[in-house]
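Enquirer: Coordinates only, no sequence provided:
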């Protein structure tokens with residue numbers, strides 16, 4: 001497992017988020033998901049996910065980014081995914097009851113990481 005520094009994993013998530021958000025917006029505009037540009041985008045997304053998953057998280061923010069990726073892979077709504085790409089925990093707090101148990105557990109893990117008492121350890 002190759003280690004990246006903090007800025008690399010954060011940059012990889014930002015790149016992933018920007019690419020995935022663009023794809024979601026194109027889906028909302030009913031563009032062809034099999035277009036060559038989208039296939040290139042999928043490849044770039046996969047590369048960023050690989051960069052994130054093939055590294056050891058060295059701090060809370062890096063751990064949180066990995067958990068956001070898990071959450072994103074479990075979401076069924078493009079709207080929810082757009083909030084996850086922005087790491088907007090408030091959206092998930094407000095709509096907590098609509099999610100299944102797996103998603104609630106993931107949300108809870110992110111909330112725990114952001115808790116002030118946990119960060120003191």
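Expert: Everything's here; your move. Since this is a predicted model, take the numbers as computed values, not measurements.

Enquirer: what does the longest helix belonging to the chain contact?
Expert: Determined from DSSP state H, the single longest helix within the chain is helix 6-28. With contact meaning C-beta atoms under 8 Å, 6 or more residues apart in numbering, helix 6-28 is reached by 4, 33, 38, 41-42, 44-45, 48-49, 51-52, 55, 57-59, 61-62, 65, 68-69, 72, 78, 81-82, 85-86. Where C-beta positions appear, they are placed from N, C-alpha and C, glycine not excepted.

Enquirer: Mind giving me the ChimeraX command for buried ones among those residues?
Expert: The following ChimeraX line selects those of these that are buried, judged by 16 or more other C-beta atoms under 10 Å:
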select :4,38,41,45,48,49,51,52,55,57,62,65,68,69,72,81,82,85
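
Enquirer: so residue 57, which of the three states?
Expert: Counting by DSSP: H, G, I helix; E, B strand; the rest coil, the backbone at residue 57 sits in coil.

Enquirer: per-residue confidence at it?
Expert: For residue 57, the pLDDT comes out at 88.

Enquirer: Leaving aside the residues adjacent along the chain, what's closest to it?
Expert: Leaving out its chain neighbours, the residue that sits closest to residue 57 by C-beta to C-beta, 6 or more residues apart in numbering is residue 63, at 4.4 Å.

Enquirer: Helices along the chain, start to end?
Expert: 6-28, 36-53, 60-74, 78-85, 89-94, 101-114, 116-119.

Enquirer: Would you format those helices as JSON lines with mean pLDDT included?
Expert: Output for the helices of the chain, formatted as JSON lines (pLDDT from 0 to 100):
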{"stretch": "helix 6-28", "mean pLDDT": "88"}
{"stretch": "helix 36-53", "mean pLDDT": "86"}
{"stretch": "helix 60-74", "mean pLDDT": "95"}
{"stretch": "helix 78-85", "mean pLDDT": "96"}
{"stretch": "helix 89-94", "mean pLDDT": "96"}
{"stretch": "helix 101-114", "mean pLDDT": "95"}
{"stretch": "helix 116-119", "mean pLDDT": "64"}
